[in-house]
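Novice: Fold the stuff below for me.
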Amino acid sequence: MSTSSQVVGGSGATPRIEIVAAEPQRFAATPIMNFKARITEHSQREIYTIALSCQINIDPARRSYDPNARAALFDLFGEPERWGATTRSFIWTQVDVLVKSFTGHQTFDIPVACSFDTELAAVKYFYSVTGGEVPLTFMFSGTVFYRDDSGELRLVQVPWTCDARFGMPVETWRGLVDHFYPNRAWIGVQRETLDALRAYRQAGGLPSLEACVVELLERVDSPARTGEGGT
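Specialist: Model (predicted):
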């Protein structure tokens with residue numbers, strides 16, 4: 001698991017941010033991953049609060065992939081021969097956080113809601129990789145409110161160069177999503193398609209929409225198998 005940090009402020013308050021862990025949030029109604037962040041401010045100024053915006057990007061080029069993962073990631077990156085150009089950083093999500101007052105150092109959570117919608121590029125990536133870590137970059141912006149030497153409240157903008165890298169274990173994400181949606185996945189369809197599936201289910205007396213899809217796939221597969229038999 002890799003971590004790094006960058007300076008947040010210029011002159012005045014100069015805290016540093018690093019991501020130290022990723023843990024599933026307990027007792028949540030939906031899957032939420034808490035990224036544990038640590039801020040250190042070496043000048044010992046009193047930080048009143050930090051209004052922090054965090055964009056989290058996935059950096060696929062920063063890890064290796066086995067043949068199965070390469071095949072599964074074809075929809076995202078195309079042929080492996082083109083991955084040098086196609087495996088560019090892409091956004092997972094963006095989160096706003098208020099960091100409470102502190103002097104010296106502080107820890108806080110960056111909560112990220114984890115969807116299981118496989119139509120989303122980030123979720124498709126998570127499902128496709130097996131083992132190892134998901135290379136992430138946290139890009140911070142926002143405003144630091146602090147008290148100067150005279151006690152006056154000041155502010156400084158978080159520069160666009162502020163970021164931190166982190167490797168999220170793949171199994172941590174899988175364990176979180178599987179806890180809420182065991183052996184389930186989600187795909188989006190047009191409303192007309194959903195209405196047609198419901199009508200097919202009712203006409204066939206099938207127990208679920210999944211049973212409709214399974215039966216339709218079997219119908220498509222059966223002629224192919226018959227043809228292979230040379231009939």
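
Novice: Now do the contacts for the spatially most central residue of the chain.
Specialist: By Cα atoms, centre = their mean, the chain has its centre lying nearest to residue 92, at 4.7 Å. Contacts here follow Cβ atoms under 8 Å, 6 or more residues apart in numbering; on that basis residue 92 touches 56-58, 112, 122, 136. Quick note: C-beta positions are derived from backbone N, CA and C, even for glycine.

Novice: hmm, 6 Å instead?
Specialist: Shown in contact with residue 92 (Cβ atoms under 6 Å, 6 or more residues apart in numbering): 56, 58, 122.

Novice: Identify those among those residues that sit within helices.
Specialist: By the criterion of DSSP state H, membership of the contacts of residue 92 in helices covers residue 122.

Novice: how about the longest strand belonging to the chain as CSV, C-alpha atoms only?
Specialist: Across the chain, the longest stretch assigned as strand under DSSP state E is strand 133-147. Output for strand 133-147, consisting of C-alpha atoms alone and laid out as CSV, is shown next (Å, rounded to 0.1, in the frame of the first residue of the first chain):
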residue,chain,number,x,y,z
GLU,A,133,-4.1,-2.5,-5.5
VAL,A,134,-6.1,0.1,-7.3
PRO,A,135,-3.7,3.1,-7.9
LEU,A,136,-5.5,6.3,-6.8
THR,A,137,-4.5,9.9,-6.9
PHE,A,138,-6.3,12.3,-4.5
MET,A,139,-6.4,15.9,-6.0
PHE,A,140,-7.2,18.5,-3.4
SER,A,141,-8.6,22.0,-3.7
GLY,A,142,-10.4,24.4,-1.3
THR,A,143,-9.7,26.9,1.4
VAL,A,144,-7.7,26.7,4.7
PHE,A,145,-8.8,29.0,7.5
TYR,A,146,-6.2,29.7,10.1
ARG,A,147,-5.1,32.2,12.8
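
Novice: Please enumerate residues in contact with it?
Specialist: In contact with strand 133-147 (Cβ under 6 Å, 6+ apart) are residues 9, 13, 19, 45-57, 59, 62-63, 153-158, 162-170.

Novice: Ok, stretch 94-111 next?
Specialist: Counting by Cβ under 6 Å, 6+ apart, stretch 94-111 makes contact with 32, 34-35, 37-40, 44, 46-50, 52-55, 112, all of which sit outside it.

Novice: Residue 113 versus residue 97, what's the distance?
Specialist: Residue 97 is 13 Å from residue 113, where distance means Cβ to Cβ, to the nearest Å.

Novice: And the pLDDT for residue 213?
Specialist: On pLDDT, residue 213 comes in at 87.

Novice: more crowded one of residue 97 and residue 113?
Specialist: Set side by side, residue 97 and residue 113 show more neighbours around residue 97, with 17 against 12, by other Cβ atoms under 10 Å.

Novice: three-state assignment of the more buried one?
Specialist: With DSSP: H, G, I helix; E, B strand; the rest coil as the basis, residue 97 sits in strand.

Novice: Bridged to it, which residues?
Specialist: Applying DSSP bridges to residue 97 yields these beta-bridge partners: residue 52.

Novice: just the helices in the protein please.
Specialist: Listed in chain order, the helices of the chain (DSSP H) span residues 67-72, 74-77, 83-86, 121-128, 170-180, 191-204, 209-228.
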